[in-house]
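1. Below is the sequence, then the predicted model.
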Amino acid sequence: MREIKFRAWHLKEHKMLYAKSWAILRWQEEERQPIDIMQFTGLRDKNGKEIYDGDILRQYLKIGGKKLKRIGFVEYESGSFLFSKEGRDSYYVGNQFCIFEVIGNLYENPELL
């Protein structure tokens, strides 16, 4: 079973907050804090860094003997965490044929996309 953890981007203070429980959700509701909540996928990148919804990833894969690098982001959709590229197909982050590296997130590093 995967560990359930969250992080949230505080929209006014422009900083990332981390929590290991639903406490961050209660804090948002009780204190009326403007935050965007992201969930841990249960996966780690090639360097052991945790992958969250909203992370920007570099994907490494081999197709027909060619090594490719692509950049996309993690999004939660229909009960799955997907690697997405704008205007392109999305697929499951846990795809065994791909290696991922976290290079940023949508809030702190939007220029990476």
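-> Right, received. Where do you want to start?

2. And the helices in this structure?
-> 23-31 (DSSP state H).

3. could you point out the longest strand in the chain?
-> strand 66-77 (DSSP state E).

4. Would you list the strands that it pairs with, along with their directions?
-> strand 55-63 (antiparallel), strand 80-84 (antiparallel) (DSSP bridges).

5. And the pLDDT at the nearest residue to Ala8 once chain neighbours are set aside?
-> Once flanking residues are discounted, Ala8 sits nearest to Ile35: 4.1 Å by CB to CB, 6 or more residues apart in numbering. Glycine gets a C-beta too; all of them are placed from N, C-alpha and C. If you check Ile35, the pLDDT there is 84.

6. tally of neighbours for Ile35?
-> Counted with other CB atoms under 10 Å, residues neighbouring Ile35 total 20.

7. hey, what's it bridged with?
-> Counting by DSSP bridges, the residues bridging with Ile35 are His10.

8. ditto for Glu50
-> Glu50 has these beta-bridge partners by DSSP bridges: Arg44.

9. Please report how far the residue nearest to Ala8 lies from Val74.
-> With distances taken as CB to CB, to the nearest Å, Ile35 is found 18 Å from Val74.

10. Repeat that for Tyr52.
-> 7 Å.

11. what does Lys67 give?
-> In terms of CB to CB, Lys67 sits 22 Å off from Val74.

12. Who has more neighbours out of the two?
-> Neighbour tally, Lys67 and Val74, criterion other CB under 10 Å: the higher count belongs to Val74, 25 against 8.

13. Tell me if I'm right that that one and Ile51 touch.
-> Yes. If you go by CB atoms under 8 Å, Val74 and Ile51 touch, sitting 6.2 Å apart.
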